[in-house]
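attaching a predicted model along with its sequence, questions to come.
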Amino acid sequence: MRIALAFAGLALALSAPLLAQSAQAPAPPAAERPQPVATLENRAMSTKDLSDQLRAGGLVILMRHERTNVPSRGDDYDRPANDCSAQRNLSPAGVAGAAETGVAIRALGWPIGRVLSSEMCRATETARFMFDRYEIEPRLMHHDNTAERTVTVSGQELNALLADIPRGAKDNTVMVSHIGNIYFATGQRLSEGEFAVLQRQEDGQYVILGTFDPGYIGAHARQAQYEAEQSAAASAK
């Protein structure tokens, strides 16, 4: 403990000039910082509890598109957003991952209502392979070739979209989008294929109940299936 404190004190002493310089430097404009609609809450909620909440419905599944090609081409925003030849696309692992996550969600019994997607091919393909349906929602695009629509603006548009979700929805609403606007809307950084589970509060704000990693949801579905089989076998005795 004393060694740790000594190192901590040394690190603080060495960083003091840097901290002083940082304090004197002007803060970045508010528009360049994330303005989250959601606050990180109950991050330690167990996977089972989070799945039970999703089975009850009425939540928002906000996900980043599945895994993409490496290496890959850059996005050409002078071309239409649905021109797959001018952008980064899903890798074979991303296609398989989206399909597997869809199977797991159905096995877990999460009711899925509207599936909204950015028009970019990696988003629509994620939605198609996962749910076999989607609606294009322009406010889920991260940015385009106009100078006015930055990721900050798209984050604000995502906030507005969340505010438009009807209260009292019985099913879960899915939104497939991109890392930039998700971050500027919620302050949450998601890996490709990962999704955050958002719950609307009485005051209209959202909290993030937790996140699901795509590689873990299948394991949870298998565990749920095993438990159901064990329960059925016990009842049959």
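Noted; the coordinates are in hand.

how about the strands in the chain?
For the chain, the strands defined by DSSP state E occupy 38-40, 60-64, 112-117, 135-136, 172-177, 195-200, 206-212.

and the fifth one, what does it pack onto?
Contacting strand 172-177 under the criterion 3 or more C-beta pairs under 8 Å, 6 or more residues apart in numbering; DSSP states H and E are the following elements: strand 60-64, strand 112-117, helix 121-131, helix 151-164. No exception for glycine: its C-beta is placed from N, CA and C like everyone else's.

same thing but 10 Å
Judged by 3 or more C-beta pairs under 10 Å, 6 or more residues apart in numbering; DSSP states H and E, strand 172-177 is in contact with helix 47-56, strand 60-64, helix 92-108, strand 112-117, helix 121-131, helix 151-164, strand 195-200.

that older thread, so can I have TSV of the strands of the chain showing mean pLDDT and mean neighbour count?
Shown next, in TSV, are the strands of the chain (pLDDT from 0 to 100; neighbours: other C-beta atoms under 10 Å):
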stretch	mean pLDDT	mean neighbour count
strand 38-40	42	17
strand 60-64	96	25
strand 112-117	98	20
strand 135-136	98	13
strand 172-177	97	25
strand 195-200	92	22
strand 206-212	88	21
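
of all those, which lies closest to Thr186?
Among the strands of the chain, the nearest to Thr186 by C-beta to C-beta is strand 38-40 (4.3 Å).

out of the helices and strands packed on strand 172-177, flag the one nearest Ala86.
Once those are compared by C-beta to C-beta, helix 121-131 is nearest, at 9.2 Å.

by contact count, what packs against the closest one?
Under the contact rule (3+ C-beta pairs under 10 Å, 6+ apart), helix 121-131 is packed against strand 60-64, helix 92-108, strand 112-117, strand 135-136, strand 172-177.

try 6 Å this time
Packing partners of helix 121-131 (3 or more C-beta pairs under 6 Å, 6 or more residues apart in numbering; DSSP states H and E): helix 92-108, strand 112-117, strand 172-177.

closest one to Gly193 among these?
Minimum separation from Gly193 across those (C-beta to C-beta) falls at helix 92-108, 5.4 Å.

any idea what the residue lying closest to Arg167 once chain neighbours are set aside is bridged to?
Excluding its sequence neighbours, the residue lying closest to Arg167 (C-beta to C-beta, 6 or more residues apart in numbering) is Arg200, at 6.9 Å. Residues in a beta bridge with Arg200, per DSSP bridges, are Tyr206.

hang on, isn't Arg200 packed against Ile208?
No. Under the criterion of C-beta atoms under 6 Å, Arg200 is not in contact with Ile208, lying 11.5 Å apart.

now Gly74. Nearest residue, chain neighbours left out?
Once flanking residues are discounted, Gly74 sits nearest to Arg88: 7.2 Å by C-beta to C-beta, 6+ apart.

shouldn't that neighbour be in contact with Glu66?
No. With contact defined as C-beta under 6 Å, Arg88 does not reach Glu66; the gap is 11.6 Å.

now do Thr150 against Ala163, distance only.
Using C-beta to C-beta, to the nearest Å, Thr150 is found at 20 Å from Ala163.

please say which of these two ends up with more neighbours.
The residue with more neighbours, out of Thr150 and Ala163, is Thr150; 18 against 12, by other C-beta atoms under 10 Å.

give me the pLDDT value at the more buried one.
pLDDT, Thr150: 83.

just give the closest residue to it, not the sequence neighbours.
In space, and not counting its chain neighbours, Thr150 is closest to His143: 5.8 Å by C-beta to C-beta, 6+ apart.

what sits against the one you found?
For His143, the contact set (C-beta atoms under 6 Å, 6 or more residues apart in numbering) comprises Arg149, Thr150, Val151, Ser154.
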